[in-house]
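**Student:** Provided below are the primary sequence and the corresponding predicted coordinates.
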Amino acid sequence: MTGRWLGAITLAAAALLASPARATELIAVPSVVHLHSDLSTGQYTLEELAEIAERNGVGALLLSENYLNRLDYGVPPFRALTRVSHDSPSVHERLHDYLARVARARAARPGVLLIPGVEVMPHYRWSGSPLTLDLLVSDTQKNLLVWGLSDPATLAAIPVIGNGDGGAYSLQSLLDALPVLLVVPGIALLLAKRWRRRRVGAAVIIVPQRQWIAGLVLCAIAIAAVIRGWPFTNSAYSPYENPGIAPYQAVIDFVERHGGAVVWSFPEARDFGTENVGPVRVTWSTEPYPDDLLRTFRYTAFGALYEETTRVERPGGAWDRMLVQYAANERSRPAWGLGESGFHDTNAGKRLARVQTVFLVRERSEAGILEALRQGRLYARHRSPATALALTDFAATSDDARAVSGETLRPAAGAAVTLGIAIDADGAPAADLKVVLIKNGEVANAWTTTTPFRASHKETWDGRPTVFRLEARGGGGRLLSSAIFVRPS
């Protein structure tokens with residue numbers, strides 16, 4: 001009898017959660033994902049960013065201050081002793097201050113949610129040689145964004161390259177420590193006396209003399225080795241080798257274990273430049289890496305929509321392949337497509353609210369935003385100065401069951417499944433709206449219309465795992481929805 005009651009209660013709770021009224025509980029929070037303040041490489045203070053966001057109708061800012069922006073190069077075999085470093089502003093050494101600054105800015109302007117996060121560079125790779133006066137450093141912009149780690153000690157230990165807090169001992173550690181042993185002969189030379197002959201007039205006398213210069217040089221090298229090498233830990237993946245995708249998966253797994261969310265940043269952006277460091281020409285280069293979205297697992301999302309041309313989100317592309325893999329139980333979790341800003345300043349016409357992610361939250365809080373991010377209750381949009389497309393409804397229904405973005409509908413095989421779609425426009429109407437419904441990577445339906453737009457798509461489900469998502473363009477802007485899954489019970 002107890003089992004029957006528990007079963008009935010469970011079914012009733014499931015029916016309540018799946019009811020159409022559930023959609024009305026969700027609050028749309030337009031947000032800017034990936035931006036920097038003056039705490040790292042941005043132009044504005046946190047308070048100024050919050051003020052700009054509030055003026056533009058943005059409800060949340062997902063900050064991504066640079067975590068550890070340091071490049072090191074050392075000549076073998078004593079890499080630490082000969083190391084040359086290049087640093088850019090970052091927050092790794094002042095994480096407590098960073099979190100405290102965010103808390104103060106939140107209190108000063110509570111109308112905008114400020115969510116602290118970091119942009120991490122898991123690995124970079126050197127090639128070339130200083131002997132040829134030409135060096136190349138690769139993948140300095142192949143980065144991950146991390147949110148949801150609120151403990152400073154956990155944040156400090158993210159296993160990225162150059163992070164001593166997350167390092168380990170290796171053969172290179174031993175090589176870096178070897179010059180410390182020079183202190184032994186150095187002290188011996190300082191203490192030992194050598195007898196030297198000295199002529200004084202017609203006489204020759206023998207006087208004791210210490211080898212100050214040689215002893216001090218050896219001691220100085222030993223002290224420098226300690227200072228430059230301490231604590232003699234090294235990243236698990238050398239910057240002088242190509243470890244493939246392993247450093248990135250290591251960061252994803254670390255953040256996952258500690259309850260955070262990880263986002264691949266700008267997977268199709270290209271970065272290139274050259275700088276002379278003394279007589280050595282140093283080139284940095286990051287090539288697009290959309291294939292790595294399929295080669296890594298358990299991350300939360302990726303930048304799918306930003307102010308560059310992208311391909312990964314096109315019908316049948318890498319994103320659809322990932323979603324279909326998840327629907328077929330070939331992946332443990334899906335990956336969501338975000339609108340990624342990358343805002344530092346207003347140079348080159350950059351605007352804070354141009355690229356947005358709209359989160360559909362149960363409560364307007366940091367926890368609510370992060371929960372919506374993990375669950376995929378969101379859509380990405382790139383707005384024009386006049387128009388922002390708004391996805392006011394996207395849901396799959398079958399009988400009494402309902403699923404919205406990021407959720408799974410589980411009807412019986414042969415049941416009718418209806419997709420309800422509603423798109424409005426914030427600001428000026430979009431008179432040239434084009435809406436595409438994508439099913440398993442292929443176009444299932446398309447409409448050429450205007451805003452406000454209302455439509456439905458109905459089909460009989462054949463029992464096979466199915467993925468639906470939306471794309472829309474109009475008014476100079478663009479919109480991408482998260483996926484809805486239809487899977488067997």
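**Tutor:** Nice, thanks for sending it over. Numbering: from 1, shown residues only.
**Student:** Select the longest helix from this protein.
**Tutor:** Using DSSP state H, we find that the single longest helix of the chain is helix 212-229.
**Student:** And that one, what does it pack against?
**Tutor:** Packing partners of helix 212-229 (3 or more C-beta pairs under 8 Å, 6 or more residues apart in numbering; DSSP states H and E): helix 171-177, helix 183-191. Where you see a C-beta, it was placed from the backbone N, CA and C, and this is true even at glycine.
**Student:** That helix - what's its average pLDDT?
**Tutor:** Averaged across helix 212-229, the pLDDT comes to 89.
**Student:** Could you do stretch 327-336 as well?
**Tutor:** Mean predicted confidence for stretch 327-336 is 95.
**Student:** buried sites along that stretch?
**Tutor:** A327, R331, P334, A335, W336 (16 or more other C-beta atoms under 10 Å).
**Student:** And the contacts of the longest helix of the chain?
**Tutor:** Applying C-beta atoms under 8 Å, 6 or more residues apart in numbering, the contact partners of helix 212-229 are 78, 80-81, 83, 173, 176-183, 185-190.
**Student:** ok, now with 10 Å
**Tutor:** 72, 74, 78-83, 85, 172-173, 175-192, 211, 232 (C-beta atoms under 10 Å, 6 or more residues apart in numbering).
**Student:** Show me which of those residues are buried.
**Tutor:** 72, 74, 78-81, 172-173, 175-177, 179-180, 182-183, 186, 189, 211, 232.
**Student:** related to what we said a few turns ago, between the buried residues of stretch 327-336, which is nearest A202?
**Tutor:** A335 (92.0 Å; C-beta to C-beta).
**Student:** Now do the contacts for that closest one.
**Tutor:** A335 touches 262-264, 293-294, 296-302, 304, 318-319, 322-323, 325-326, 376, 482-483, counting by C-beta under 10 Å, 6+ apart.
**Student:** repeat for A425
**Tutor:** 383, 386-390, 431, 433, 450-453, 474-475, 477.
**Student:** Give me the ChimeraX select line for those, limited to the buried ones.
**Tutor:** A single ChimeraX command selects the buried members of the contacts of A425 (16+ other C-beta under 10 Å):
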select :383,387,388,389,390,433,451,453,474,475,477
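**Student:** just the helices in the stretch 301-450 of the chain please.
**Tutor:** Remark: helices assigned in the stretch 301-450 of the chain by DSSP state H, counting those that start in this stretch are 318-327, 366-375.
**Student:** For those, could you give me CSV that also reports distance to A53?
**Tutor:** Output for these, formatted as CSV (distance: least, C-beta to C-beta, whole Å):
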stretch, distance to A53
helix 318-327, 28
helix 366-375, 13
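**Student:** so which of those gets nearest Y240?
**Tutor:** Nearest of these (C-beta to C-beta): helix 318-327, 30.0 Å.
**Student:** C-alpha coordinates for the closest one, CSV please?
**Tutor:** Extracted as CSV, the C-alpha positions of helix 318-327 are listed here (Å, rounded to 0.1, in the frame of the first residue of the first chain):
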residue,chain,number,x,y,z
ALA,A,318,28.8,20.3,-34.8
TRP,A,319,26.2,21.5,-32.3
ASP,A,320,23.5,19.5,-33.8
ARG,A,321,25.7,16.4,-33.8
MET,A,322,26.4,16.9,-30.1
LEU,A,323,22.7,17.3,-29.4
VAL,A,324,21.8,14.2,-31.3
GLN,A,325,24.5,12.2,-29.5
TYR,A,326,23.0,13.2,-26.2
ALA,A,327,19.5,12.3,-27.3
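**Student:** Can you get me the centre-to-centre distance for that helix and its chain?
**Tutor:** Its chain's C-alpha centre and that of helix 318-327 lie 20 Å apart, by C-alpha atoms, centre = their mean, to the nearest Å.
**Student:** May I see the buried residues of that helix?
**Tutor:** A318, W319, D320, R321, M322, L323, V324, Q325, Y326, A327.
**Student:** ok, the first one to L62 distance?
**Tutor:** Just to be clear, that refers to A318. Distance of A318 to L62, given as C-beta to C-beta, to the nearest Å: 23 Å.
**Student:** and if you look at the fifth one?
**Tutor:** M322 sits at a distance of 22 Å from L62 (criterion: C-beta to C-beta).
**Student:** rewinding a little: for G128, state which of the buried residues of stretch 327-336 is nearest.
**Tutor:** A335 (34.4 Å).
**Student:** Tell me who's in contact with P385.
**Tutor:** R351, R354, G427, A428, G475, G476, G477.
**Student:** among these, which ones are buried?
**Tutor:** Counted by 16+ other C-beta under 10 Å, the contacts of P385 give R354, G427, G475, G476, G477 as buried.
**Student:** can you list the residues you listed in JSON lines and add distance to E54 and pLDDT?
**Tutor:** As requested, these are exported to JSON lines (distance: C-beta to C-beta, whole Å; pLDDT from 0 to 100):
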{"residue": "R354", "distance to E54": "16", "pLDDT": "96"}
{"residue": "G427", "distance to E54": "17", "pLDDT": "92"}
{"residue": "G475", "distance to E54": "23", "pLDDT": "95"}
{"residue": "G476", "distance to E54": "24", "pLDDT": "95"}
{"residue": "G477", "distance to E54": "21", "pLDDT": "95"}
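**Student:** Can you list the low-confidence ranges for this protein?
**Tutor:** Filtered on pLDDT under 70, the chain yields the residue ranges 1-24, 165-167, 204, 207-208.
**Student:** will you turn the helices and strands packed on helix 212-229 into TSV that also has distance to G215?
**Tutor:** Below are these laid out as TSV (distance: least, C-beta to C-beta, whole Å):
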stretch	distance to G215
helix 171-177	21
helix 183-191	3
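**Student:** between these, which gets nearest to R257?
**Tutor:** helix 171-177 (25.1 Å).
**Student:** now the closest one, how far from the centre of its chain.
**Tutor:** 31 Å.
**Student:** same question, stretch 49-57
**Tutor:** Distance, centroid of stretch 49-57 to centroid of chain: 23 Å (C-alpha atoms, centre = their mean).
**Student:** which residues are contacting it?
**Tutor:** Counting by C-beta under 10 Å, 6+ apart, 30-32, 35-38, 42-45, 58-61, 63, 105-106, 108-114, 343, 346, 351-354, 356, 383, 388, 426-427 sit against stretch 49-57.
**Student:** Now a PyMOL select for only the buried ones of these.
**Tutor:** Buried residues within these, by 16+ other C-beta under 10 Å, are selected in PyMOL with:
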select buried, resi 30+31+32+35+36+37+38+42+44+58+59+60+61+63+105+106+109+112+113+114+343+352+353+354+356+383+388+426+427
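**Student:** of the buried residues of helix 318-327, closest to W284?
**Tutor:** Of the buried residues of helix 318-327, the one sitting nearest to W284 (C-beta to C-beta) turns out to be A318, at 25.3 Å.
**Student:** Hmm, the closest one is touching P288, no?
**Tutor:** No - applying C-beta atoms under 10 Å as the test, A318 and P288 come out as separate, 11.3 Å apart.
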